[in-house]
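**Q** dropping a prediction and its sequence here:
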Amino acid sequence: MTGLVLPPGHGRKLITKAQEVTFKATEAHGSSISIFEVVVPPGFDVGAHVHSDSQEFFYVLEGELQLFAFEPTERTQENWHEWKSPDGDEIVRATEGAFMFVPPGTPHAFRNASDKPARMLFQCYPSPYHEYYFEEIAEIWSSGASVDPEAVEEMRRRYDVSQITQLRYEPPTLVDSEPAQRGA
C-alpha cells in the first residue's frame, strides 16, 4: 500500500476569480475524505447552507474568516452575518489556527470580510461530493456567461448543498489614494 505526499503548493488546482481550490487527497487517491486547500479572496461569501449527509471540517491557515455552524433563532434570507443561536452562539472571527467542524444537518457558512486573502484547509466526508461540486462551480465561474440560478440550484442539490442565503462575491472597492484635484 502506498500513501500520498505532496510538497507545498502541489495538487490539482481550480482557479477562478472567486476562489482557488487545490485538491490534496481525493477519492481517486483512495481517500474517503476529500481534502482541499482553499484560498478565499476578500469579498467572498459562500452563503449559509446545509448538507443532509456530508460533514465538514475547516481550519484557517492564514488570514481571517467569519464562520458559523449552528441553527439560528431565525433563518433570514438576505444574509447570515448577524445570526444568533437560541443558546447565544454568534458569528466567529476566525484567524490562523481556528477551526470549525460541521455535522450533517447544521447550517454553516464562511466569508472573507477582510481586505486580504485567507487560506484554509477544508475536508469533506464522504468524498467525492465536493470534488465534483468544485469542478462544476469552477466551470460556471470561468464561463464568462451569465449564470443560470436554477441550473446552479439543481447542481447544488446533486451534491447535497441546500443553500439558505445567496453565495456572493463582491471584491472590495479600491480607494484612489491620490487626492482629487480642485478646479481653479
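**A** Structure received. Numbering: from 1, shown residues only.
**Q** for this structure, what's the longest helix?
**A** Longest helix of the chain, by residue count under DSSP state H: helix 129-142.
**Q** and the helix or strand following that helix, what does it pack against?
**A** Reading on from helix 129-142 to the C-terminus, the next helix or strand found by DSSP states H and E is helix 149-158. Judged by 3 or more CB pairs under 8 Å, 6 or more residues apart in numbering; DSSP states H and E, helix 149-158 is in contact with helix 129-142, strand 162-163. C-betas here are computed from N, CA, C, even on glycine.
**Q** contacts only, for the closest residue to residue 41 other than its chain neighbours.
**A** Computed as CB to CB, 6 or more residues apart in numbering, the closest residue to residue 41 that is not its neighbour in sequence is residue 117, at 5.4 Å. Contact analysis of residue 117 by CB atoms under 8 Å, 6 or more residues apart in numbering lists 39, 40, 41, 42, 62, 63.
**Q** what about the first one, distance to residue 62?
**A** Taking CB to CB, to the nearest Å as the criterion, residue 39 is separated from residue 62 by 9 Å.
**Q** strands along the chain, start to end?
**A** 12-15, 20-25, 34-40, 44-45, 49-50, 55-62, 64-69, 92-95, 99-102, 108-111, 118-125, 162-163, 168-169 (DSSP state E).
**Q** residue 160 contacts residue 50, correct?
**A** No. In this structure, residue 160 is not within contact of residue 50 by CB atoms under 8 Å, at 9.1 Å.
**Q** the residue nearest the centre of the chain: what's it in contact with?
**A** Nearest residue to the geometric centre of the chain (CA atoms, centre = their mean): residue 46, 4.8 Å. Contact analysis of residue 46 by CB under 8 Å, 6+ apart lists 109, 110, 111, 167.
**Q** no further questions, thank you.
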